[in-house]
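Engineer: Please find the sequence and the predicted model below.
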Amino acid sequence: MTDCTHSSATMAPATMADKLMSFARARKRQLFAPFAGVLLALGLGACGTNYDGLSMQAMGEPPAYKLDSGDRVAINVFGEENLSGEYEVDQSGIVSLPLAGRVTVANLTTQDAERTIAKRLSQGFVSNPNVTVSVVRHRPFYVLGEVAHPGGYPFYSGASVLSAVAVAGGYTYRAEKFGIRLLRQGGDGTAQPQKITPGTYIQPGDIIIVPERWF
């Protein structure tokens, strides 16, 4: 009888703890449910930019880099020192070259730009031009909102949403890590929301927004 009483006494606190834990978990789900619906409606439902905060896998290989306004490129024309140098891509997506004049390079990869410039130079300026194009300075990406150091940062190859947040000093304690948004300039010049995961590769000019959590 004594053993039974002792057993009941030792089991009672554990049973009570289990009940309290179960109650706490149920209460947490109950409190979170209304907010989860709002988050879904405002984030994933409206913009398709939320992520589940779990997957760290990047979405395939980094996309081919395409030139645009703000990039600085080195253009080398083999055997033609007067034509070689560093050039800024202007607001119209154009580089101004000796002899070749104004050449549009916006939305071109460096390989495409090489072919475009070579074609222009071959039109009575240089015989069989051999052109190489490389990016000297990329245009920046931006991390805004609840990070330690919001602002613009130089783009680097292979940068992802998560590494961009790390470059900006990491999350603040108020950050809503499950509601990050990414805006990217579309063909019409407007910012378009993108569907992302933490491992999604970013592009120059992207704007990453880390919102403030609500509770």
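Structural biologist: The structure has been received and is ready for your questions. Here the structure is a predicted model, which means the values were calculated and not measured. Residues are numbered from 1 along each chain as shown.
Engineer: Give the ranges of residues in the protein that sit below the confidence cut-off.
Structural biologist: 1-60, 187-189 (pLDDT under 70).
Engineer: What segments of the chain are helices?
Structural biologist: Secondary structure of the chain (DSSP state H): helices at 2-39, 110-121, 161-167.
Engineer: Residue 96: how many residues sit nearby?
Structural biologist: 11 (other C-beta atoms under 10 Å). Bear in mind the C-beta positions are built from the backbone N, C-alpha and C, glycine included.
Engineer: my read: residue 132 touches residue 76, true?
Structural biologist: Yes: at 4.8 Å, residue 132 counts as touching residue 76 under the criterion of C-beta atoms under 8 Å.
Engineer: Which residue ranges of the protein form strands?
Structural biologist: 72-77, 85-88, 94-97, 101-104, 131-137, 140-145, 151-154, 181-185, 191-193, 207-210 (DSSP state E).
Engineer: right, and these - which one's nearest residue 168?
Structural biologist: Of all those, it is strand 140-145 that lies closest to residue 168, at 3.9 Å by C-beta to C-beta.
Engineer: And for stretch 106-113, what's in contact with it?
Structural biologist: 64-69, 73, 89, 92-94, 103, 105, 116, 133-135 (C-beta atoms under 8 Å, 6 or more residues apart in numbering).
Engineer: distance between the ends of that stretch?
Structural biologist: In stretch 106-113, first residue to last residue: 9 Å (C-alpha to C-alpha, to the nearest Å).
Engineer: got the buried residues for that stretch?
Structural biologist: 106, 108, 110, 113 (16 or more other C-beta atoms under 10 Å).
Engineer: can you check stretch 116-132 too?
Structural biologist: Under 16+ other C-beta under 10 Å, the buried positions of stretch 116-132 are 116, 117, 118, 120, 121, 125, 126, 129, 131, 132.
Engineer: How far does stretch 87-100 sit from its chain's centre?
Structural biologist: Mean-position distance between stretch 87-100 and its chain equals 27 Å (C-alpha atoms, centre = their mean, to the nearest Å).
Engineer: Could you export that stretch as PDB, CA atoms only?
Structural biologist: The C-alpha trace of stretch 87-100 is given here as PDB (Å, rounded to 0.1, in the frame of the first residue of the first chain):
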ATOM      1  CA  TYR A  87      32.400  52.600 -69.000                       C
ATOM      2  CA  GLU A  88      29.300  53.400 -67.000                       C
ATOM      3  CA  VAL A  89      25.900  52.100 -68.100                       C
ATOM      4  CA  ASP A  90      23.700  55.200 -68.100                       C
ATOM      5  CA  GLN A  91      20.100  55.600 -67.000                       C
ATOM      6  CA  SER A  92      19.000  54.600 -70.500                       C
ATOM      7  CA  GLY A  93      21.000  51.300 -70.300                       C
ATOM      8  CA  ILE A  94      23.500  52.600 -72.800                       C
ATOM      9  CA  VAL A  95      27.300  52.800 -72.900                       C
ATOM     10  CA  SER A  96      29.000  55.400 -75.100                       C
ATOM     11  CA  LEU A  97      32.100  54.100 -76.900                       C
ATOM     12  CA  PRO A  98      34.600  55.700 -79.200                       C
ATOM     13  CA  LEU A  99      33.700  55.000 -82.900                       C
ATOM     14  CA  ALA A 100      30.900  52.700 -82.000                       C
END
